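# Please find the sequence and the predicted model below.
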Amino acid sequence: MKIALPVANRRVAPRLGSAETFYVIEAEGQKETNRSEHTLSDMSPIEKIRFLKQQPIDVLICMGIEMGLYNYLAIFGVRIIPGVSGDVEHVMRLFLSGHLIPGPVPAIGMRIRKRGGHHGRRGQHFHWWVGNG
Amino acid sequence: MQLFTERFYSAILDSIDCGVFTTDLDYRITAFNRAASLITGFSKKEAVGSYCYEILRSNICQTDCLLKKTFQKKHAISNIQVDILSKSGKLVPVMISTNLLKNEENDIIGGIEMFRDIGLIEELRKEVKKKYNYEDIASKNYHILKIFDILPDIADSDANVLIQGPSGTGKELFARAIHNTGKKKDGPFIAVNCGALPDSLLESELFGHEKGAFTDALRKKPGRFAAACGGTIFLDEIGDTSPALQVKLLRVIQEKAFEPLGSVETVHTDARVIAATNKDLYSLVQEGSFREDLYYRLNVIKIDLPPLLDRKEDIPLLVDSFIRKYNRLMNKEIEGISEDGLTVLMNYDYPGNIRELENIIEHAFVMAKGKYIDVHHFSDDLKKTIVQRPPEGGLELLEKDAIVNTLRMFDGNKSQTAEYLNIDRTTLWRKMKKYGIA
């Protein structure tokens, strides 16, 4: 399995499209087997995610991700774990041990007013028509 | 007393219209006002204690931090335009200013950052300059994202492009995105609607004319091909051109040269040609009304845009985008749409495609007085279609479609599907059983 993370100052970079450095980590089971560092500072956001897609990566762990880039990677089968902050090594340990908790996925900002007066929350997921009920 | 002072300052901060936060010297947020919450999408609770760059997430946070510069140079920085990434994944253009925060002894104890949402200005600027790029193409449709995947390669090449799709599917938006990210982005983008002008006028419009070339040619005029030198010429409705004009277009595309009307001098052009049509050009070739050689010259790269009917999963995204646009343009504060209203929009066929959806939202904006768009804000024509053809299956059908499409997207992988749809795997399993999805 190949995992990519945008990195800044040894922490998960706050924004995928603006990140300059990426780790591509190979893992087998719970063990990291290889790691490479890539400087993509000259690339546009779309070029960066195309680079990641070409690796090819299976998982992307990131903090903020532009909605367009999220849709693009998701449609090509990359598992995205957004909303993750903190020290990269700690994040990787949590991920490999299966304890990493993802944040919210990019969402549309408008509200959907439910029948009966219940209001959707701002920023609710854009897959609004699929509820848990 | 201290509590009173804190509340007092907090009330002042919250009453300010622009986003304000303060940090300590380690860039950790110490105060965060209400406007900052509205612009970034992060609550005060989430923001306070976090690193500012993990909340603001601007395009320069990692490379050219303004607060860091302020600390280093010990002076304020004013009105720098950047874009920030909101919690929901949207890019928000803002104007940022920074300053030092000092205590009573004049020691620097942190920084203060103020930012204004300039989305309206940027929206208008984009509307005027038409500087659209990939980020302006909102979609989660598989076919559109496949096109999205090859757009950078198309933009990098100089090859001619043929964009086919029904009216209102965004052909010009794609053409502009290719131009604005390609090698000729600094050159002009010249759009010509070949279906809007009679043949003789179109020829003079495209190739220009000499003084006296025809009765009304009072002075020499360069054509659109000459104007597009170093850039891109977008030939919309190319399928409507006459056989005579097709011959001339073939020559300019083949030889990159043409003669203006009434001139014997050859003019050279390096303009990239992007053509578009709402017709099936190959059928026109087979019927004999479109030249086969011109078709193959234009059809080096072909992009087929699906009608909105085939990408209904994009309707909520597009509605959201239009609501934001018209809130800015009409100075309104519409928060969203009612479930019934969205169901109507999801069940409509959109013969006019995205342009028609935008018109529907614009109409509803004029009519809506409250916070939400509802069915009664739609035009009578649209309401008539609801009466004629009531939604079949309603939200349940949409839910089923969403599940089927997402399963297809992830090759049947249920874990990824459940994660993408933000539901539990067991909920997905239950819904698949309910809708009879194998």
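Noted; the coordinates are in hand.

# wait, B:Glu335 sits on B:Ile373?
No: using Cβ atoms under 8 Å, B:Glu335 is not in contact with B:Ile373; the gap is 9.4 Å. All C-beta atoms are positioned from the backbone trio N, CA, C, and that covers glycine.

# Quick check on these two: which one has the bigger neighbour count.
B:Ile373 (29 against 19; other Cβ atoms under 10 Å in any protein chain shown).

# for B:Ile55, what are its contacts?
B:Ile55 makes contact with B:Phe21, B:Ile29, B:Phe32, B:Thr40, B:Phe42, B:Glu46, B:Ala47, according to Cβ atoms under 8 Å, 6 or more residues apart in numbering or on different chains.

# which non-adjacent residue is nearest the third one?
Right, the one you point to is B:Phe32. B:Ala47 (4.1 Å; Cβ to Cβ, 6 or more residues apart in numbering or on different chains).

# What does the pLDDT read for that neighbour?
Looking at B:Ala47, its pLDDT stands at 93.

# B:Tyr9 now?
For B:Tyr9, pLDDT reads 78.

# B:Leu395 now?
Reported pLDDT for B:Leu395: 70.

# count of residues packed around it?
19.

# Is it located within a strand, as I assumed?
No: read with DSSP: H, G, I helix; E, B strand; the rest coil, B:Leu395 is helix and lies in no strand.

# looking at it, it is touching B:Val344, isn't it?
No: here B:Leu395 does not reach B:Val344: they are 11.4 Å apart, not a contact under Cβ under 8 Å.

# Would you map the strands across chain A?
Counting by DSSP state E, chain A has strands at residues A:2-8, A:11-12, A:21-28, A:31-39, A:59-61, A:79-81, A:111-113.

# Give me the three-state assignment for B:Val94.
strand.

# Now for it: which residues touch it?
Contacts of B:Val94 (Cβ under 8 Å, 6+ apart): B:Gly19, B:Ile39, B:Ser58, B:Gln81, B:Val82, B:Asp83, B:Ile84, B:Phe115, B:Arg116, B:Asp117, B:Ile118.

# Please tell me how far the closest residue to it other than its chain neighbours sits from chain A.
Of all residues not flanking B:Val94 in the chain, B:Phe115 sits nearest, at 4.3 Å (Cβ to Cβ, 6+ apart). Noted for B:Phe115: a distance of 15 Å to chain A, by Cβ to the nearest Cβ, to the nearest Å.

# ok, B:Phe115 to B:Glu105 distance?
29 Å (Cβ to Cβ, to the nearest Å).

# Show me which of those two is the more surrounded one.
Between B:Phe115 and B:Glu105, B:Phe115 has the larger neighbour count (other Cβ under 10 Å), namely 25 against 6.

# my guess is that one meets B:Met95, correct?
Yes: between B:Phe115 and B:Met95 a contact is recorded at 6.6 Å, counting by Cβ under 8 Å.

# and the closest residue to chain A within chain B, what pLDDT?
Among all residues of chain B, B:Gly89 sits closest to chain A, at 2.7 Å; criterion: Cβ to the nearest Cβ. We note a pLDDT of 85 for B:Gly89 in this prediction.

# May I have the phi/psi pair for it?
phi 90, psi 10 (degrees, to the nearest 10).

# Helix or strand with the lowest mean pLDDT in chain A?
Lowest by mean pLDDT, DSSP states H and E among the helices and strands of chain A is strand A:111-113, with a mean of 77.

# Could you list every helix and strand that that strand packs against?
strand B:336-338, helix B:339-347 (3 or more Cβ pairs under 8 Å, 6 or more residues apart in numbering or on different chains; DSSP states H and E).

# Mean neighbour count, mean pLDDT and distance to A:Ala8 for the ones you listed - can I get that in CSV?
Converted to CSV, these look like this (neighbours: other Cβ atoms under 10 Å in any protein chain shown; pLDDT from 0 to 100; distance: least, Cβ to Cβ, whole Å):
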stretch, mean neighbour count, mean pLDDT, distance to A:Ala8
strand B:336-338, 24, 91, 35
helix B:339-347, 21, 88, 39
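
# Distance to chain A added to these, as a markdown table?
Putting the helices and strands packed on strand A:111-113 into a markdown table (distance: least, Cβ to the nearest Cβ, whole Å) gives the following:
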| stretch | distance to chain A |
| --- | --- |
| strand B:336-338 | 3 |
| helix B:339-347 | 5 |
